[in-house]
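[1] Structure for the following, please:
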Amino acid sequence: MHALFLRHVCQTSPAPLGITVARASGSTVWDAAGRAYLDLLAGMGVANVGHTHPEVVAAVRAQAERHLHVMVYGEFVEEAQVRLAARLAGLLPDPLEVAYFTSSGAEAIEGALKTARKHTGRARLVAFEGGFHGDTLGALSVGGNPRYRAPFEPLLADVAFLPFDDEAALPAVDGRTAAVVVEPIQAEGGVRIPRPSFLAALRRRCDETGALLVLDEVVTGFGRTGRLFAFEHWGIVPDLLVLAKALGGGLPLGAFVGSAAVMATLSRDPPLAHVTTFGGHPLSCAGGRAALEVLLRDGLVTRAATLGDRLQAELAALIGRGGLVAVRGLGLLLGLEFGTPEASARFARRALDAGLILNWTLHRDTVVRLAPPLVLTDDEAERATNGIRAALG
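    Model prediction:
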């Protein structure tokens, strides 16, 4: 199987983790040899309610017995889509009430960029150094790492990059700007948390100039940071909210959510201005709604806040070992910063050998990210801390 994987599945790195997955449940992934791994990445931020949650599986099975794909997005009334969209609207503040479902976070970013340009009649986009929003052409155009943009240029024109968490740079958002795209916490950028005033200042600047604030909560949404949505920490509301990863409960699903007035731009001049075949697939929407109900019913948002505080304190006590120089995070999105890339890579290898799934961030090779399932038990958290301590040496 491993040989076939290397031969026929396009590789994205010279050294993939290479675990041959047999099954997964909760916070654990088992390989084909029966070895158990504690997943401290939650399938890269997807499995907030744990892998293969039985209620998600049951919802998907029930929907599969009713119908699968029946029509391109937006033409038929499909209960699974409607129920999830209405539930999201009930949980989000005004005026976020209309959802457009996609199959991924990058697709949702693309849709949000198109919506902002069409609604405002402007072309200019503003993003931030160190940001990550996906790898499709438009999403990459607002990605804040030139190393990943350069091989694919020219990308979208008229994109400006500002330093993250720098209020002095915000006057660059001007009357030509259609949208400002930002993560509330830069995850791939090294788990960078802005100062308390930054996002509020950015919200004000967008209001002053008429630019739409597009908040990318693909990683931070659905309880990850100890709030249902991370923007709640800063008391702001975006014009467009981008969601994915945990939204589908383990199935591919993304969305961008906005006001009725903003989202209406996609249905006129011309009609069908933005369409998709598989976005909002009924299986994904059914699984996503089930996962959302589990998240809310079982108090997993509060669990992320309390367990995250505890883990952060325990891991901070390890600073100075194995090249670890800092620990930071919010809820169960944690970053371990090392003094050198070599120390970071060495730690990640040792952790995997010890049965812990984790890895460094894409745009900051000195930072290892932890984003475990929110259902991580106390015993599993203790195993994680002990394993990290041993991997540090």
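[2] On the pLDDT front, check L318 for me.
    Among the per-residue scores, L318 shows a pLDDT of 98.
[3] tell me the contacts of it?
    For L318, the contacting residues are L324, V327, I388, R389, L392, by C-beta atoms under 8 Å, 6 or more residues apart in numbering. The way it works is simple: take the backbone N, C-alpha and C, and place the C-beta from them, glycine included.
[4] Swap in 7 Å and give it another go.
    For L318, the contact set (C-beta atoms under 7 Å, 6 or more residues apart in numbering) comprises L324, I388, R389, L392.
[5] Which positions in stretch 27-44 come out as buried?
    S27, T28, V29, W30, Y37, L38, D39, L40, L41, A42, G43 (16 or more other C-beta atoms under 10 Å).
[6] so after the one helix or strand A108 maps to, what's the next helix or strand?
    Under the criterion of DSSP states H and E, A108 resides in helix 105-120. Following helix 105-120 in sequence order, the next helix or strand is strand 124-128 (DSSP H and E).
[7] Show me what that next one is packed up against.
    Packing contacts for strand 124-128, counted by 3 or more C-beta pairs under 7 Å, 6 or more residues apart in numbering; DSSP states H and E, involve strand 159-162, strand 177-182.
[8] Okay, domains of this protein per the record?
    With domains defined by automatic domain parsing, the chain comprises 13-45+300-392, 55-297.
[9] which one of those is the most hemmed in?
    When you average the neighbours per residue for each of the domains of the chain (mean count of other C-beta atoms under 10 Å), domain 55-297 leads with a mean of 20.
[10] how long is it end to end?
    Distance across domain 55-297, first residue to last, is 12 Å (C-alpha to C-alpha, to the nearest Å).
[11] what's the answer for stretch 25-42, then?
    By C-alpha to C-alpha, the extent of stretch 25-42 from end to end equals 11 Å.
[12] residue ranges of the strands in the stretch 1-150 of the chain, please?
    In the stretch 1-150 of the chain, the strands defined using DSSP state E, counting those that start in this stretch lie at 21-25, 28-31, 36-39, 98-102, 124-128.
[13] coming back round to it: could the helices and strands packed on strand 124-128 be laid out in TSV, adding distance to P196 and mean pLDDT?
    Output for those, formatted as TSV (distance: least, C-beta to C-beta, whole Å; pLDDT from 0 to 100):
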stretch	distance to P196	mean pLDDT
strand 159-162	18	98
strand 177-182	15	98
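[14] Minimum distance to R149: which of those strands has it?
    strand 159-162 (9.5 Å; C-beta to C-beta).
[15] so who does S27 touch?
    L38, D39, G50, P372, P373, V375, L376, E380.
[16] from these, which is closest to A172?
    P372 (37.0 Å).
[17] I'd say that closest one and L333 touch.
    No. Using C-beta atoms under 7 Å, P372 is not in contact with L333, being 9.7 Å away.
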